[in-house]
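A.B. asks: Sequence first, then the predicted structure, then my questions.
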Amino acid sequence: MSTKVLVVDDSGTMRKIVIRALNAAGFRDTVEAGDGAEALRVFQGGDVGLILTDWNMPNKSGLDLTRDVRALGSKVPIFMITTEAEKGRVVEAIQAGITDYLTKPFTQDALQAKLEKYAKA
Amino acid sequence: MKVELVNPFIHATTSVFRTMLGCELTRGQPSLKTNHVPEYEVSGLIGLTGKCQGMVVVSLGRDTAIAATEIMLSERPDGLNCEVVDAVGEIANMIAGAAKSQLEQFQLSVGLPSVICGKNHSIGFPSNCTPIMLPFDSMIGPVCVEVGLSEAVTVRQPALAAT
């Protein structure tokens, strides 16, 4: 899978868990960012075909990252992985332009199943 | 502290350990916390604000924290290092987040986690709440979750007199 995937989370542990699942789903090209501001810089560097992001992070949240990426006119799929599970928050994220949503805690199988959908796309 | 505020943290802790660590927890007897010293050496702290406010502390022993990190990362950390600190912070974050989603009526926001390591460290909860200790046991060692939440006081602004 040649798609470059940007993994955004302020927890290095969570980034490792997500990258392990990405590798298992066939994604080999991954880049990491520790917050939304760093992620936006990486994204603007070009070539990113999928973004997996946390919501609550220092400097810039995943929600603001999503709004910024959409404001640039990009249709790149943005997959949010977050503890924010309330209906109102999910609606807020959809309105900001996310493509998919998974709440923490999650099983490796649940994450894998979501990622395989993008691997086939 | 009201039971309706505590139960979501019991469910959230059980769910996070089962889902992320494949680890079943056995509940012990809850009790009121009367001192500032967490049960174990590693504490993940996270603040909650909204119609209730306070803090959650996830307290783990050194070996338990290392074992939890090993399960999450699929590799053994080299002692109580930054990977363990990060993993404990993420566990606290997930417990607080999962509990928050069951307390929708309080419109809570979760802060970013902090982690404190060291024997006999102290953590002060807000003075208007007495935290409840929720002890658990597991195959990787004991875990204690301390929850201190109180309903936020609404301060009414005095009406301005017409001049």
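C.D. replies: Yes, it's here. Numbering: from 1, shown residues only, chains lettered A, B, ... in the order given.

A.B. asks: Would you mind giving the secondary structure of residue B:105?
C.D. replies: helix (DSSP: H, G, I helix; E, B strand; the rest coil).

A.B. asks: and the closest residue to it other than its chain neighbours, what does it touch?
C.D. replies: Of all residues not flanking residue B:105 in the chain, residue B:51 sits nearest, at 7.5 Å (Cβ to Cβ, 6 or more residues apart in numbering or on different chains). C-betas here are computed from N, CA, C, even on glycine. By Cβ atoms under 8 Å, 6 or more residues apart in numbering or on different chains, the contact set of residue B:51 is B:105-108, B:151-152.

A.B. asks: just these now: which is nearest residue B:45?
C.D. replies: residue B:108 (15.6 Å; Cβ to Cβ).

A.B. asks: thought that closest one was touching residue B:48?
C.D. replies: Yes: here residue B:108 lies in contact with residue B:48, judged by Cβ atoms under 8 Å, at a distance of 5.1 Å.

A.B. asks: Next, show the common contact partners of these two.
C.D. replies: residue B:100.

A.B. asks: of all the residues in chain B, which ones are close to chain A?
C.D. replies: Contacts of chain B with chain A, taken as Cβ under 8 Å from any Cβ of the partner chain, map to B:15-16, B:19-20, B:69, B:72-74, B:82-83, B:86-87, B:89-90, B:93-94, B:96-98, B:100-101, B:104, B:110, B:112.

A.B. asks: For chain B, which segments count as strands?
C.D. replies: B:26-27, B:31-32, B:42-49, B:52-60, B:109-110, B:114-117, B:132-137, B:143-151 (DSSP state E).

A.B. asks: so where does residue A:43 fall, helix or strand?
C.D. replies: helix A:36-44 (DSSP states H and E).

A.B. asks: from the contacts of residue B:51, which has minimum pLDDT?
C.D. replies: Among the contacts of residue B:51, residue B:152 carries the lowest pLDDT, at 75.

A.B. asks: Now do the same contact list for that residue.
C.D. replies: Residue B:152 touches B:49-53, counting by Cβ under 8 Å, 6+ apart.

A.B. asks: Helix, strand, or coil at the residue nearest the centre of chain A?
C.D. replies: Nearest to the mean C-alpha position of chain A, counting by Cα atoms, centre = their mean, stands residue A:52 at 1.2 Å. Of the three states, residue A:52 takes strand according to three-state DSSP.

A.B. asks: Thought residue A:4 was touching it, still the case?
C.D. replies: No: look at residue A:52 against residue A:4 with Cβ under 8 Å: they stay out of range, at 11.8 Å.

A.B. asks: how about the nearest residue to the residue of chain A found nearest chain B, chain neighbours excluded?
C.D. replies: Nearest to chain B, among the residues of chain A, is residue A:83, at 2.2 Å (Cβ to the nearest Cβ). Excluding the flanking residues, the one nearest residue A:83 by Cβ to Cβ, 6+ apart is residue B:97, at 2.2 Å.

A.B. asks: Could you list which residues are in contact with the one you found?
C.D. replies: Going by Cβ under 8 Å, 6+ apart, the list of residues near residue B:97 reads A:82-85, A:104, B:12, B:110.

A.B. asks: Same list, those, but as TSV with secondary structure and distance to residue A:96 please.
C.D. replies: Below are the contacts of residue B:97 laid out as TSV (DSSP: H, G, I helix; E, B strand; the rest coil; distance: Cβ to Cβ, whole Å):
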residue	secondary structure	distance to residue A:96
A:82	strand	12
A:83	coil	17
A:84	coil	12
A:85	coil	16
A:104	coil	18
B:12	helix	26
B:110	strand	19
